[in-house]
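# got a structure for you, letters missing:
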Ligand code: ZN
Ligand code: ZN
């Protein structure tokens, strides 16, 4: 049940100091000096690149109707979500590297499970923020080229201008707690605890967010990139339980630097509980080396965290690269 009165109050707040966007709860702002300290301390300890098995989904099967919600992990934060005539992508990235230039920066250790050409006809894209591992100009160009103005881009405030500069026609740009109906789906832009920026001078000049989509009989939460904050309890209170949550489990070490902006698996389980999610699916691990933890650690740490917090393992699953899961509406 949505608490519309509280939602309206929250939507009137501005997560902005006139210059830059701010997190809902104050967080330490690690600047360049801290970044350099991390790089210095981690030299030689940076996680080794590891590959993982890749299933190749059958594009013909993915083009068939999805009477039940169907999820395919393409890699990192990119999911294909299909339900009742909707084909949706989250944070589409298909490039070899997630960085401003094609020859430098974190390189994929597992290929994307699908290419843009193999995708079914996409109706909408959810963008959480403008970091390179979530918003990729080549993916935007390729999706725009293939689907053009039949594709709607949901983006947090400030990211719309960037998309429009790349000739994207249909952008729904929202601030936290705002929503917009699109066909039979209500899309809510919601807080996450993170930051933004693609270069040295645009830190927190555009908003970062999570998304919730409500179909008449099914609901979805996409966390984007986030640290842990009480905000997920608030989201749960305002919007009620959610059927499926896509939650990040990787890129969390060292904690002194990453904790404000990236959850560890135990915190991902807390978010699952705060949101009152029926099912969660893991993302944001096993694709790029971004941080210090071993690339295969997040699923193992998640299994321990689920046991510690008394959450059944089947409630928070870790799909493999390219794996498709169907989660029946209303199933436990
Ligand atoms: Zn990010
Ligand atoms: Zn990220």
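Structure's in. What do you need? All of these numbers come straight from a predicted model, not from anything done at the bench. Numbers count the residues shown, from 1 in each chain. Ligands and ions are numbered 1, 2, ... in the order given.
# counting contacts, what elements does the helix or strand of the chain with the lowest mean pLDDT pack onto?
Across the helices and strands of the chain, mean confidence by mean pLDDT, DSSP states H and E is lowest for helix 32-41: a mean of 84. Under the contact definition 3 or more CB pairs under 8 Å, 6 or more residues apart in numbering; DSSP states H and E, helix 32-41 sits against helix 255-258. Where you see a C-beta, it was placed from the backbone N, CA and C, and this is true even at glycine.
# Does the helix it packs on reach ligand 1?
No: using CB under 5 Å from the ion, helix 255-258 stays clear of ligand 1, with a minimum separation of 10.7 Å.
# ok, then the element right after that helix?
Going down the chain from helix 255-258, the next helix or strand is helix 265-275, by DSSP states H and E.
# List the buried residues in that following helix.
Using 16 or more other CB atoms under 10 Å as the test for burial, helix 265-275 gives 265-275.
# Which member of these is positioned nearest residue 284?
Closest approach to residue 284 among the buried residues of helix 265-275 (CB to CB): residue 268, at 9.2 Å.
# I'd guess residue 201 is in a helix, am I close?
No: according to DSSP: H, G, I helix; E, B strand; the rest coil, residue 201 belongs to no helix; its state is coil.
# that older thread, in JSON lines, list the buried residues of helix 265-275 along with distance to ligand 1 and pLDDT.
Listed next are the buried residues of helix 265-275 as JSON lines, based on distance: CB to the ion, whole Å; pLDDT from 0 to 100:
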{"residue": "265", "distance to ligand 1": "17", "pLDDT": "98"}
{"residue": "266", "distance to ligand 1": "20", "pLDDT": "98"}
{"residue": "267", "distance to ligand 1": "15", "pLDDT": "98"}
{"residue": "268", "distance to ligand 1": "15", "pLDDT": "98"}
{"residue": "269", "distance to ligand 1": "20", "pLDDT": "98"}
{"residue": "270", "distance to ligand 1": "19", "pLDDT": "98"}
{"residue": "271", "distance to ligand 1": "16", "pLDDT": "98"}
{"residue": "272", "distance to ligand 1": "20", "pLDDT": "98"}
{"residue": "273", "distance to ligand 1": "23", "pLDDT": "98"}
{"residue": "274", "distance to ligand 1": "20", "pLDDT": "98"}
{"residue": "275", "distance to ligand 1": "20", "pLDDT": "98"}
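# From those residues, pick the one nearest ligand 2.
Of all the buried residues of helix 265-275, ligand 2 sits closest to residue 268, with 13.4 Å by CB to the ion.
# The closest one against residue 247, yeah?
Yes: between residue 268 and residue 247 there is a contact under CB atoms under 8 Å: 4.7 Å.
# what do those two both touch?
280, 282, 316 (CB atoms under 8 Å, 6 or more residues apart in numbering).
# got a markdown table for those residues, with distance to ligand 2 and neighbour count too?
Listed next are the shared contacts of residue 268 and residue 247 as a markdown table, based on distance: CB to the ion, whole Å; neighbours: other CB atoms under 10 Å:
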| residue | distance to ligand 2 | neighbour count |
| --- | --- | --- |
| 280 | 17 | 27 |
| 282 | 14 | 21 |
| 316 | 19 | 25 |
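# Okay, buried residues for stretch 140-157 please.
140, 142-144, 147, 151-157.
# what's the most distant pair in the residues you listed?
Most distant of the buried residues of stretch 140-157, by CB to CB, are 142 and 157, 24.8 Å apart.
# got the contact list for the residue found closest to residue 232 once you drop the neighbours it is linked to in the chain?
Excluding the flanking residues, the one nearest residue 232 by CB to CB, 6 or more residues apart in numbering is residue 274, at 3.9 Å. By CB under 8 Å, 6+ apart, residue 274 lies in contact with 230, 232-233, 235-236.
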